[in-house]
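[1] coords below, sequence missing:
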């Protein structure tokens, strides 16, 4: 399809009431391909116009649409929090959790942490008794500590 036809195709298909430029009609007379294609477009437009009928919706249509919109709007995740049954269950579960945590905190006694497993604490602690074994252990600990401090990768 050539440019003059492309530019004025919509005006031509709307019907005879529109003013069609002279160059459009001249091109149609000179170009048989464009005339045939335009004739097919006219047939399609007439068929589409015949299918198009204006209908009015039945009474109460808009009210039914609005009711459906409202029903779908109510089913959000936040509406669950406003349900009184869910609120009571949530309050009871929270109270049970607080009761369990309180019981745990009351029944457990705070004690001193067990540092015996940490080698750094054992190596740096002062000896309790000054026996020969204790002095030997102290020297061994000091040697291990020096080796650890001097170690580089």
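    Arrived safely, thanks for sending. These figures come from a predicted structure and were not determined experimentally. Numbers count the residues shown, from 1 in each chain.
[2] switch to C-alpha atoms for all contacts and neighbour counts from now on
    Noted.
[3] The spatially most central residue of the chain and residue 83: what is the separation?
    Nearest to the geometric centre of the chain sits residue 77, at 14.8 Å (C-alpha atoms, centre = their mean). Per C-alpha to C-alpha, to the nearest Å, residue 77 is found 11 Å from residue 83.
[4] Which helix or strand lies directly C-terminal to the helix or strand bottoming out on mean pLDDT in the chain?
    Within the chain, no helix or strand scores below helix 119-124, which has a mean of 56 by mean pLDDT, DSSP states H and E. Toward the C-terminal end, the helix or strand that comes next after helix 119-124 (DSSP states H and E) is helix 132-150.
[5] So which bits of that following helix are buried?
    138, 141, 145 (16 or more other C-alpha atoms under 10 Å).
[6] so after the strand or helix carrying residue 6, what's the next helix or strand?
    Following DSSP H and E, one finds residue 6 within helix 3-14. Downstream of helix 3-14, the first helix or strand assigned by DSSP H and E is helix 22-30.
[7] That following helix to helix 3-14, inter-axis angle?
    Angle of helix 22-30 versus helix 3-14, following axes from the mean of the first three to the mean of the last three C-alpha atoms, to 10 degrees, is 100 degrees.
[8] Next, residue 81: phi, psi?
    Backbone torsions for residue 81, taken as degrees, to the nearest 10, come to phi -70, psi -20.
[9] Name the nearest residue to it, sequence neighbours excluded.
    Nearest residue to residue 81 in three dimensions, chain neighbours excluded: residue 87, at 6.6 Å (C-alpha to C-alpha, 6 or more residues apart in numbering).
[10] And residue 98, what's its pLDDT?
    Residue 98 is assigned 97 on the pLDDT scale.
[11] Off-centre distance for the host helix or strand of it?
    Applying DSSP H and E as the criterion places residue 98 in helix 84-107. Taking the mean of its C-alpha atoms, helix 84-107 sits 32 Å from the chain's own mean (C-alpha atoms, centre = their mean, to the nearest Å).
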